[in-house]
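[1] curious how this folds, go ahead:
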Amino acid sequence: MQDKPVIFAVCQDEGTLHFLEDACAGVGMAFLTAGSPASAVDEARPAGPDVVILDEAVRDHEWIDIYRGFQQEYPETFLPILVLVDAGRAEEAIEKMESGLVDVLAKPVNEGVLKARLRAMLRIRQIHDDLTSRRDAAERELEDERHLREELAVANEELKKLSTTDGLTGLANHRSLAEWLKTEFEVASRYQLPLSAIMIDLDEFKNVNDEHGHLFGDFVLQGVARIIRAQSRRADFCARYGGEEFMVILPNTDGYAASNLAHRIHEAIGRRGFSLSAANLPEEHEALNAEVAEAPAESAPVPGEQVRITASLGISTFPVDGVNSAKDLIDLADRALYTAKSRGRDKVISWSQVR
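    As a prediction, this is how the structure comes out:
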């Protein structure tokens, strides 16, 4: 509201206008009038009135139409409207009162009553404006809080992903594997469902790092991770166990089916050639390409040359193979893998073939 409240009158009776103007001046209110009832709403717009006084005795117009015009002009703003009516038609005017039409005052108007009504209307307007301002501020705060909650949810999801995902390969990390396997083993034990594990280790991977650099070694690990994920089923849980070791947990899968999957992974890794030329690296490794291109000369890639690697795989299965716990499932897959290594590497060995 302005420092000096604005009273806008729509009235064609000169005597009534002078009376209203004097009354408003007596209580420190600015008084403006409409030149024509037909243009009253347009004339009031630049003034931004705090209260409208509408004389129902306007010629050639229905006062209720003028009132509705003000309502349409200020749909989001509370605008008190005081209608002056002849005493005999006061009840009829009251029946036409709608939201925003605060009061009806019968003519002839008593100056003291008029001033009291205007003060009351201004207080109501002030209260309404204050409440509206508080509501708008609260809505802004709620909107800000909603955005913060959304950002927090995204951040929490990212943190959750970081805490459960291996940053290099995108597979689950060791911690996530342990938690998931614990739950999955409890389900398998309760319902006597088969559960298999495949442990995968890249053969002589140290030589890859030593000969071609750790950046290229990371590229190989990323490529192997994609192979494992592509060969595995949707229900299988793929994780980087550590270093160059990977593990796949296969729910509701017996040793025969686990062996078939292990052989597919083994063959896919053996067929894959890893190019030493940075220009031939996949597009998703552009950042890695730049690092490889800037590597020291002694470790720089040789254009066109490819490196092929092999893998050894060990398999264990619950409830056969003497598996009695989640730890047993991992330990026996590891022992089967060790056997594959000891028998010349580049093999798939099930624990049932060893014991």
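[2] strands along this protein, start to end?
    Assigned by DSSP state E, the strands in the chain fall at 6-10, 30-33, 51-55, 81-86, 103-107, 195-202, 237-242, 245-251, 273-275, 306-308, 311-318, 348-350.
[3] lowest-confidence stretch among the ones you listed?
    Mean pLDDT is lowest for strand 103-107 out of these, coming in at a mean of 78.
[4] so what strands line up beside that one?
    According to DSSP bridges, strand 103-107 forms sheet pairs with strand 81-86 (parallel).
[5] could you give the angle of the strand it pairs with to strand 6-10?
    40 degrees (axes from the mean of the first three to the mean of the last three C-alpha atoms, to 10 degrees).
[6] what comes up buried for strand 81-86?
    Neighbour counts over strand 81-86 (16 or more other C-beta atoms under 10 Å) mark 81, 82, 83, 84, 85 as buried. Using the backbone N, CA and C atoms, a C-beta is placed for each residue, glycine as well.
[7] of those, closest to residue 175?
    Nearest to residue 175 among these: residue 81, at 69.0 Å, using C-beta to C-beta.
[8] residue 116 versus that closest one, what's the distance?
    17 Å (C-beta to C-beta, to the nearest Å).
[9] turn the strands of the chain into CSV, columns for distance to residue 154.
    What follows is the strands of the chain, written out as CSV (distance: least, C-beta to C-beta, whole Å):
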stretch, distance to residue 154
strand 6-10, 49
strand 30-33, 52
strand 51-55, 49
strand 81-86, 49
strand 103-107, 53
strand 195-202, 33
strand 237-242, 24
strand 245-251, 29
strand 273-275, 35
strand 306-308, 39
strand 311-318, 37
strand 348-350, 42
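[10] so which of the ones you listed is nearest residue 176?
    Going by C-beta to C-beta, the one of these nearest residue 176 is strand 237-242, 6.6 Å.
[11] distance from the closest one to the middle of the chain?
    Averaging C-alpha positions (C-alpha atoms, centre = their mean, to the nearest Å) puts strand 237-242 29 Å from its chain's average.
[12] try stretch 121-136
    On the basis of C-alpha atoms, centre = their mean, stretch 121-136 sits 34 Å off its chain's mean C-alpha point.
[13] restricting to C-alpha, output that stretch in PDB.
    Output of stretch 121-136 as PDB, limited to C-alpha atoms (Å, rounded to 0.1, in the frame of the first residue of the first chain):
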ATOM      1  CA  MET A 121     -11.800  -1.400   5.100                       C
ATOM      2  CA  LEU A 122      -8.200  -0.100   5.000                       C
ATOM      3  CA  ARG A 123      -7.300  -2.300   8.000                       C
ATOM      4  CA  ILE A 124      -8.800  -5.300   6.300                       C
ATOM      5  CA  ARG A 125      -6.900  -4.500   3.100                       C
ATOM      6  CA  GLN A 126      -3.700  -4.100   5.100                       C
ATOM      7  CA  ILE A 127      -4.200  -7.400   6.900                       C
ATOM      8  CA  HIS A 128      -5.000  -9.100   3.600                       C
ATOM      9  CA  ASP A 129      -1.900  -7.700   1.900                       C
ATOM     10  CA  ASP A 130       0.300  -8.700   4.900                       C
ATOM     11  CA  LEU A 131      -1.100 -12.200   4.800                       C
ATOM     12  CA  THR A 132      -0.700 -12.400   1.000                       C
ATOM     13  CA  SER A 133       2.900 -11.200   1.300                       C
ATOM     14  CA  ARG A 134       3.600 -13.800   4.000                       C
ATOM     15  CA  ARG A 135       1.900 -16.500   1.900                       C
ATOM     16  CA  ASP A 136       4.000 -15.600  -1.100                       C
END
